[in-house]
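Undergrad: any chance you could fold what I've pasted below:
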Amino acid sequence: MRNDNYGAVVTVKINSVDKVRDFVIKTSKFNSEIDGIRGRYICDAKSIMSIMAYDLNQTLDVGIISDDKEEIERFKEEMKELECSD
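TA: Numbering: from 1, shown residues only. Sure, this is the predicted structure:
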């Protein structure tokens, strides 16, 4: 998944309620908009209800909308522990 609106897109696996909670806490620390993307559906990745609406058994693309290189790098670093290696 690549869209020119996103400074970075990573694929993550958030397969438990605890991981969803931790993920939303992490994404909420960013000033930039962060989207959860699956197929043609896009949600606010800072919303626990939006993330819970997705099937947690599948991967999720997560994109940050930002031109701030430092924030993009911090985003990539924060997502590393959830990132899929596929």
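
Undergrad: okay, now V20: neighbour count?
TA: Applying other Cβ atoms under 10 Å, we find 17 residues neighbouring V20. In short, each C-beta sits where N, CA and C put it, glycine included.

Undergrad: just G36 next, same as before
TA: 23.

Undergrad: check which helix or strand covers it.
TA: For G36, the host element (DSSP states H and E) is strand 33-38.

Undergrad: just the CA atoms of that strand, as CSV, please.
TA: Taking Å, rounded to 0.1, in the frame of the first residue of the first chain, the C-alpha atoms of strand 33-38 are listed here in CSV:
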residue,chain,number,x,y,z
GLU,A,33,-3.1,12.3,11.3
ILE,A,34,-2.5,8.5,11.3
ASP,A,35,-4.8,6.2,9.3
GLY,A,36,-5.6,2.5,9.5
ILE,A,37,-5.9,1.2,5.9
ARG,A,38,-7.4,-2.1,4.8
